[in-house]
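A.B. asks: Just the structure for this:
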Amino acid sequence: MKLHTLNRKVHYWGSMIIALPVLIVLCTGLLLQLKKQLTWVQPPEQRGTAQDLRLDFPRILAICQTVPEAQIQSWDDINRLDVRPGRGLLKVAAKNNYEIQLDTATGKILQVAYRRSDLIEALHDGSWFHDAVKLWVFLPSAIVLLGLWVTGIYLFWLPIGVRRRRGRNKEVPAKA
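C.D. replies: Just a heads-up that it's a prediction; the model follows:
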């Protein structure tokens, strides 16, 4: 079997095998590229009044417990804290994907919003489905996609190389 025929078959069947995982990666990747512009994906960052953190952990937890949407009863209900001193902002990410933004100086609640970017990231890398899906479906799909890229480049340049060789053969000067 010739190399270009094998490349076409690999390209054809490989693209069918990875179509769904790659579609998920592409769509979620587009959303993640625009997460700062789309408030539906990630809430916009607010600004606090000071650039230092004057809140202690018990006060942060007490403030978050007053937000019914976040359903925070203890530290077990909090996924992470994200401190942005330059903006005077403390983000509290609840495990139910709600985000509470606090002023680092006063503890005032600046915003409460649902955050979808973590879910979209988990879909993007396949971990939302299961770690086995991430390693046995999304990783091989990425490897096949790399192979498709290589075979696609080959298939793209093949006719250009053939035309160049034909052109050089025509330009051979005749002997006088």
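A.B. asks: Every contact and neighbour count from this point should use C-alpha atoms.
C.D. replies: Noted.
A.B. asks: ok, now how distant is residue 11 from residue 155?
C.D. replies: 9 Å (C-alpha to C-alpha, to the nearest Å).
A.B. asks: Quick check on the two: which one has the bigger neighbour count.
C.D. replies: residue 11 (20 against 16; other C-alpha atoms under 10 Å).
A.B. asks: my guess is residue 145 contacts residue 19, does it?
C.D. replies: No - between residue 145 and residue 19 there is no contact under C-alpha atoms under 8 Å: 9.6 Å.
A.B. asks: The two - which one has more neighbours?
C.D. replies: residue 145 (19 against 13).
A.B. asks: so which strand or helix has that one?
C.D. replies: Here residue 145, judged by DSSP states H and E, is contained in helix 139-170.
A.B. asks: Kindly report the same for residue 80.
C.D. replies: Per DSSP H and E: residue 80 is located in strand 78-84.
A.B. asks: in that strand, what counts as buried?
C.D. replies: 78, 83-84 (16 or more other C-alpha atoms under 10 Å).
A.B. asks: now do stretch 119-130
C.D. replies: If you call a residue buried by 16+ other C-alpha under 10 Å, then stretch 119-130 has these buried ones: 120-121, 123-127.
A.B. asks: One more: stretch 10-26?
C.D. replies: Using 16+ other C-alpha under 10 Å as the test for burial, stretch 10-26 gives 10-11, 14-15, 18, 21-22, 24-25.
A.B. asks: coming back round to it: shared neighbours of residue 11 and residue 155, anything?
C.D. replies: Contact criterion C-alpha atoms under 8 Å, 6 or more residues apart in numbering; no residue bridges residue 11 and residue 155 by contacting each.
A.B. asks: got the contact list for stretch 42-60?
C.D. replies: 35-36, 85-89, 99, 101-107, 110-111, 113-117.
A.B. asks: now with 6 Å?
C.D. replies: Applying C-alpha atoms under 6 Å, 6 or more residues apart in numbering, the external contacts of stretch 42-60 come out as 35, 85-89, 103-105, 115, 117.
A.B. asks: Rounded mean pLDDT for that stretch, please.
C.D. replies: The average pLDDT within stretch 42-60 is 91.
A.B. asks: buried ones in that stretch?
C.D. replies: 42-45, 47-48, 50-53, 60.
A.B. asks: will you turn those residues into JSON lines that also has distance to residue 70 and secondary structure?
C.D. replies: Shown next, in JSON lines, are the buried residues of stretch 42-60 (distance: C-alpha to C-alpha, whole Å; DSSP: H, G, I helix; E, B strand; the rest coil):
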{"residue": "42", "distance to residue 70": "16", "secondary structure": "coil"}
{"residue": "43", "distance to residue 70": "14", "secondary structure": "coil"}
{"residue": "44", "distance to residue 70": "17", "secondary structure": "coil"}
{"residue": "45", "distance to residue 70": "18", "secondary structure": "coil"}
{"residue": "47", "distance to residue 70": "21", "secondary structure": "coil"}
{"residue": "48", "distance to residue 70": "20", "secondary structure": "coil"}
{"residue": "50", "distance to residue 70": "25", "secondary structure": "coil"}
{"residue": "51", "distance to residue 70": "25", "secondary structure": "coil"}
{"residue": "52", "distance to residue 70": "25", "secondary structure": "coil"}
{"residue": "53", "distance to residue 70": "22", "secondary structure": "coil"}
{"residue": "60", "distance to residue 70": "13", "secondary structure": "helix"}
